[in-house]
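Student: sequence and predicted model, in that order:
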2 protein chains.
Amino acid sequence: MKKVSFQGEKGAYSEAAAIQFWHESIQPVPQKTFKSVFESVTSKISEYGIIPIENSLTGSIHQNIDLLLDFHLSVVGEIIMRIHHHLLVNKNIDFSDIKQIYSHPQALQQCSDFFEKHRHIDAVPMYDTAGSAAYLATNRIQNGAAIASLQASQDYGLHVLKKGIENNQQNYTRFLIIAKSPSTPKKSGKTSIVFSTKDIPGALFKAISVFALRDINLLKIESRPLQSGPWKYWFYLDFEGTMNQEACCNAINHLGEITSFLKVLGSYPKGKVVN
Amino acid sequence: MKKVSFQGEKGAYSEAAAIQFWHESIQPVPQKTFKSVFESVTSKISEYGIIPIENSLTGSIHQNIDLLLDFHLSVVGEIIMRIHHHLLVNKNIDFSDIKQIYSHPQALQQCSDFFEKHRHIDAVPMYDTAGSAAYLATNRIQNGAAIASLQASQDYGLHVLKKGIENNQQNYTRFLIIAKSPSTPKKSGKTSIVFSTKDIPGALFKAISVFALRDINLLKIESRPLQSGPWKYWFYLDFEGTMNQEACCNAINHLGEITSFLKVLGSYPKGKVVN
């Protein structure tokens, strides 16, 4: 079985995404931090790592972009997953029994409409969503519930009392799969790169022109705030096509001429969206 | 005194940023959600609102970009603030007394090196940083501390036991000031816009060319994940110059010709960086 590192406890959304990505049994390897996900793949403890890279509500996770720069690993895949927050309880617990609901503050906030409707229930912040499910199960809590993933309900033998209690239905997280070696697709796919330009007018225009001149479609672009790294100014960019295609290689070579830093993070098949 | 709405409790980093922005006494108006910050400015409960728009470690706060699109308010200023996490305690408490440290999970994580060094201390997650300071003060906790802002220590009469216990010194948050009416600077400044293009090769290249052709410098660009809005594809962009400058107005008119949606969020003076 593939060993896959992810940040969080068993039942985390990252673990659920990994299972959806491979569509088969994997051996989940929980890690405390994102950095230790990268370290465990580097040291071959796991074959793969899975990391969230952006969320449709909260934006890009710059910390993981930084780690992609710091470590010599390749992006080999992606998956986009709708984040459903479910209300989980121990067996034989009714909704009327519930006095407290445990979860990560971000999950609690994303379900604030639910708490508005049920004002007698207290929202209790915890470290993470899966951790709140584990707490509920381990301590056999009878008057509480947790907000977590379907995966967490399976991992901890909890019952899904209410499905999808999040306010916003447009909550998607994009995860990247990382490995020690690149596995560039033979045919179609996309490529993620990071580069920095000098802080002069038109620098970004020139950088983007290397793609436009070759009819290469851009899928994502993001500049990084000035204070946050060793470069004055840098960009994270996804484009359509892989490093096995001549036009893309030419664009990257051209880009290398006009940037002060350039790193290809990897080419990989476009990920499916799991609703 | 200016009434300024912000999300969170008194002592939140947003309140500290507002005080730094105006350099004078303001009347802080705490709000439960970001949306209610926008609502309170719209309904003239407050003259101004202050919202975090991006953090150097965690990226852009898309939720607030969405609210800038939904509400008819203008961006009139910005300030960039280094986020210092301080260890706060009630008076006459020594470090050896501390058994628990309360804060928002993100703040606790950003101080994980501190907890590694002091393994006998438990990290206890709470709703927000200022709320943990309020809890400490209200309940006169003798064996605990909170991780929060200097502002929170002043608001709740707490003592700063240790300064700046965060792992990463590059933790900056950029805040925007919003108001009912635009106040475009006469001289220099920057402008924030949002636009959407069709999902065709070269669309972004054409959009950016309207600035490059007029030697207008781009300061930030970010595309938004596909799933997250009513448009297939959109961009948030900051450029150097204001809507009082002819070249900028021409660029915006030109951009209007080639985009399917365009909104100018506001022109404002470049904000200072507070360390």
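Tutor: Alright, I've got the coordinates.

Student: after the strand or helix carrying A:Gln20 comes which helix or strand?
Tutor: Assessed by DSSP states H and E, A:Gln20 sits inside helix A:13-22. Sequence order places strand A:26-31 as the next helix or strand after helix A:13-22, per DSSP H and E.

Student: buried stuff in that next one?
Tutor: A:Ile26, A:Pro28, A:Val29, A:Pro30, A:Gln31 (16 or more other CB atoms under 10 Å in any protein chain shown). Where C-beta positions appear, they are placed from N, C-alpha and C, glycine not excepted.

Student: partner strands of that strand, with direction?
Tutor: Using DSSP bridges, strand A:26-31 pairs in its sheet with strand A:2-7 (parallel).

Student: which ones are touching the residue nearest to the spatial centre of chain A?
Tutor: Taking CA atoms, centre = their mean, the centroid of chain A lies closest to A:Pro52, which sits 1.3 Å from it. If you count contacts by CB atoms under 8 Å, 6 or more residues apart in numbering or on different chains, A:Pro52 has them with A:Tyr13, A:Ser14, A:Ile61, A:Asn64, A:Thr173, A:Arg174, A:Phe175.

Student: all strands of the stretch 101-250 of chain A, in order?
Tutor: When assigned using DSSP state E, counting those that start in this stretch, the strands of the stretch 101-250 of chain A occupy the ranges A:122-125, A:144-148, A:159-162, A:172-179, A:190-196, A:218-224, A:234-240.

Student: out of these, deepest packed?
Tutor: For the strands of the stretch 101-250 of chain A, the largest average neighbour count (mean count of other CB atoms under 10 Å in any protein chain shown) is found in strand A:144-148, namely a mean of 29.

Student: which elements pack onto that strand?
Tutor: strand A:86-89, strand A:100-103, helix A:105-110, helix A:129-138 (3 or more CB pairs under 8 Å, 6 or more residues apart in numbering or on different chains; DSSP states H and E).

Student: any idea how far stretch A:66-75 is from the chain center?
Tutor: 14 Å (CA atoms, centre = their mean, to the nearest Å).

Student: how long is that stretch end to end?
Tutor: 13 Å (CA to CA, to the nearest Å).

Student: residues contacting the closest residue to A:Leu204 other than its chain neighbours?
Tutor: Of all residues not flanking A:Leu204 in the chain, B:Leu218 sits nearest, at 5.4 Å (CB to CB, 6 or more residues apart in numbering or on different chains). Neighbour list for B:Leu218: A:Leu204, A:Ser223, B:Ile208, B:Phe211, B:Leu237, B:Asp238, B:Phe239, B:Glu240 [criterion: CB under 8 Å, 6+ apart].

Student: so for stretch A:73-89, mean pLDDT?
Tutor: Average pLDDT, stretch A:73-89: 95.

Student: out of the contacts of B:Leu218, who's nearest B:Asn250?
Tutor: B:Phe211 (10.4 Å; CB to CB).

Student: sorry, back to before: least reliable of the strands of the stretch 101-250 of chain A going by mean pLDDT?
Tutor: Looking at those, the bottom one is strand A:218-224 with a mean of 84.

Student: dump it to PDB, restricted to CA.
Tutor: Extracted C-alpha coordinates of strand A:218-224, given in PDB (Å, rounded to 0.1, in the frame of the first residue of the first chain):
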ATOM      1  CA  LEU A 218      -2.700  30.400 -17.800                       C
ATOM      2  CA  LEU A 219      -4.800  28.700 -15.100                       C
ATOM      3  CA  LYS A 220      -3.700  30.600 -12.000                       C
ATOM      4  CA  ILE A 221      -1.400  33.500 -11.100                       C
ATOM      5  CA  GLU A 222      -0.600  35.000  -7.800                       C
ATOM      6  CA  SER A 223       1.900  37.500  -6.600                       C
ATOM      7  CA  ARG A 224       3.400  37.200  -3.100                       C
END
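
Student: for the longest helix seen in chain A, packing partners?
Tutor: Across chain A, the helix with the greatest residue count (assigned by DSSP state H) is helix A:246-258. Under the contact definition 3+ CB pairs under 8 Å, 6+ apart, helix A:246-258 sits against strand A:190-196, helix A:203-212, strand A:261-268.

Student: hey, least reliable of those by pLDDT?
Tutor: With a mean of 89, helix A:203-212 has the lowest mean pLDDT of those.

Student: what are the phi and psi values at the residue of the stretch 51-200 of chain A found nearest chain B?
Tutor: As assessed by CB to the nearest CB, chain B sits closest to A:Ser56 within the stretch 51-200 of chain A, at 3.5 Å. When read as degrees, to the nearest 10, the backbone of A:Ser56 gives phi -70, psi -20.

Student: tell me how far it lies from A:Val29.
Tutor: 27 Å (CB to CB, to the nearest Å).

Student: same check, this time on A:Tyr172
Tutor: To A:Val29, A:Tyr172 is 25 Å away according to CB to CB.

Student: rewinding a little: thought the residue of the stretch 51-200 of chain A closest to chain B was touching A:Gln170?
Tutor: Yes. At 5.7 Å, A:Ser56 and A:Gln170 qualify as touching, with contact defined as CB atoms under 8 Å.

Student: and the two? which has more neighbours close in?
Tutor: Ranked by neighbour count (other CB atoms under 10 Å in any protein chain shown), A:Ser56 and A:Gln170 place A:Ser56 first, with 23 against 15.

Student: and the pLDDT for the more buried one?
Tutor: Listed pLDDT for A:Ser56 reads 78.

Student: go on, A:Ile19?
Tutor: A:Ile19 is given a pLDDT of 92.

Student: wait, what's in contact with it?
Tutor: Neighbours of A:Ile19 in contact, by CB under 8 Å, 6+ apart: A:Ile26, A:Gln151.

Student: near chain B, which residues of the stretch 101-250 of chain A?
Tutor: Residues of the stretch 101-250 of chain A lying near chain B by CB under 8 Å from any CB of the partner chain: A:104-105, A:108, A:112, A:123, A:125-128, A:170, A:172, A:174, A:199-202, A:204-206, A:208-209, A:211-212, A:215-223, A:225, A:227-229, A:235.

Student: contacts only, for A:Val76.
Tutor: A:Val76 makes contact with A:Tyr48, A:Ile177, A:Ile178, A:Ala179, A:Pro182, A:Ser183, A:Gly266, A:Tyr268, according to CB under 8 Å, 6+ apart.

Student: do A:Asn167 as well
Tutor: Taking CB under 8 Å, 6+ apart as the test, what A:Asn167 contacts is A:Gln110, A:Cys111, A:Ser112, A:Asp113, A:Phe114.

Student: can you report how many residues neighbour A:Ala12?
Tutor: When neighbours are defined as other CB under 10 Å, A:Ala12 has 26 of them.

Student: actually A:Ala152, sorry about that
Tutor: A:Ala152 has 31 nearby residues by other CB under 10 Å.

Student: A:Ser112 now?
Tutor: A:Ser112 - counted by other CB under 10 Å - has 15 other residues nearby.

Student: I'd say A:Gln27 and A:Ser5 touch.
Tutor: No. Using CB under 8 Å, A:Gln27 makes no contact with A:Ser5, being 10.0 Å away.
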